[in-house]
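Student: Provided below are the primary sequence and the corresponding predicted coordinates.
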Amino acid sequence: MGCTLCPRRCGADRAGGQRGACGADGTLRCARAGLHQWEEPCLSGTRGSGAVFFSGCPLGCVYCQNYKISHENYGAALTPGQLAEVFRRLEAQGAHNINLVSPTPYVDQIIEALELYRPGIPVVCNSSGYERVETLERLDPYVDIYLPDLKYFSPEISQKYSGAADYFQAASQALLYMLAQRGQAVFNEEGLMQRGVILRHLVLPGNLRQTYRLIDWLAAHVPHDTYISLMCQYFPAGRAADFPEIDRTLTAGEYERACRRLLDAGFTNGFFQEHKAASAAFVPDFDLTGLED
């Protein structure tokens, strides 16, 4: 049976070696596993989030800061048993959580790994938001925290930058599912999230209208105490130079207007970034760190 894990439902025979629209075949691949300090404070804490970066991506944005792994599928082959040991090592190193970055192409292997070793710390599903609810339902028993993006409102814009005219249709339904499952956030005594949802939106230069329309939709459809991370960390990466309007960083004024729109909409739990976050210095090295036996 062909692959239908993501909304593209490309039908690739990945088990037979064919690559799907995500770039992945039937082999589980990861590019890095380590303590990651640059997530939201309630995830990174003092010791870091145990981030496992998977290779390939169903969405494939032209400006992706992780282009080497999302588009070029760079990574080392692992078995589910080896992935379970990666989880075990991250927990032993003091990770506050196990952070599955772009896990969708490998849902089957991840579930197998979590059956072999279920960490005693929260498991985070960190994705582009471009998900099928049916796939999330399979992963849900193993996930404590959802960390999705909500990138675009307009089909024309999502097609232009990510080749997915149906992005908002899929991502909005995925978000509503996540909130229904984990909407009540739970924190420990250190202020670290143990259960819940953090919605991310990356503000793109020259695209404030997308941000405004998304905030307006959120204001009408999700609780106003939803945790929302409004990010200004965009910098031109990947093939951004092919699109002049996004071949620059965000201005301070653009980000300030986006933040004001979110606050004026009544959202009470916002995460905001300093402008210095727009730097390649915060992108980890995808050098297979943490994947050794």
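Tutor: Noted; the coordinates are in hand.
Student: contacts, neighbours, all on C-alpha from now
Tutor: Fine.
Student: pLDDT value on the most centrally placed residue in the chain, please?
Tutor: The centroid of the chain falls nearest to residue 127 when counting by CA atoms, centre = their mean (2.6 Å). What the model reports as pLDDT for residue 127 is 97.
Student: Give the full set of residues in contact with it.
Tutor: Contact analysis of residue 127 by CA atoms under 8 Å, 6 or more residues apart in numbering lists 101-104, 147-149.
Student: 7 Å instead, please
Tutor: Neighbouring residues of residue 127 by CA atoms under 7 Å, 6 or more residues apart in numbering: 101-102, 147-149.
Student: Select from those every entry located in strands.
Tutor: 101, 147-148 (DSSP state E).
Student: how about the residues you listed in a markdown table, adding distance to residue 44?
Tutor: Shown next, in a markdown table, are the ones in strands among the contacts of residue 127 (distance: CA to CA, whole Å):
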| residue | distance to residue 44 |
| --- | --- |
| 101 | 14 |
| 147 | 13 |
| 148 | 16 |
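Student: how close does residue 135 get to residue 81?
Tutor: According to CA to CA, to the nearest Å, residue 135 and residue 81 sit 22 Å apart.
Student: scratch that, residue 159 is what I was asking about
Tutor: Taking CA to CA, one finds residue 159 at 37 Å from residue 81.
Student: again with residue 114
Tutor: Counting by CA to CA, the separation of residue 114 from residue 81 is 9 Å.
Student: now do residue 224
Tutor: Separation of residue 224 from residue 81 (CA to CA): 41 Å.
Student: which element follows the helix ranked longest in the chain toward the C-terminus?
Tutor: Determined from DSSP state H, the single longest helix within the chain is helix 167-182. Using DSSP states H and E, the helix or strand that follows helix 167-182 towards the C-terminus is strand 186-187.
Student: Tell me where the stretch 151-293 of the chain has helices.
Tutor: 155-162, 167-182, 208-221, 252-264 (DSSP state H, counting those that start in this stretch).
Student: first vs last residue of stretch 134-148, how far apart are they?
Tutor: Start-to-end, stretch 134-148 (CA to CA) is 16 Å.
Student: same question for that stretch, mean pLDDT?
Tutor: 98.
Student: can you check stretch 52-61 too?
Tutor: For stretch 52-61, mean pLDDT rounds to 96.
Student: residues near residue 166, how many?
Tutor: 18 (other CA atoms under 10 Å).
Student: Repeat that for residue 226.
Tutor: By other CA under 10 Å, the residues close to residue 226 number 21.
Student: thought it was touching residue 266?
Tutor: No - with contact defined as CA atoms under 7 Å, residue 226 does not reach residue 266; the gap is 10.4 Å.
Student: how far away is residue 13 from residue 20?
Tutor: Distance from residue 13 to residue 20, counting by CA to CA: 8 Å.
Student: Thanks again, I'm all set now.
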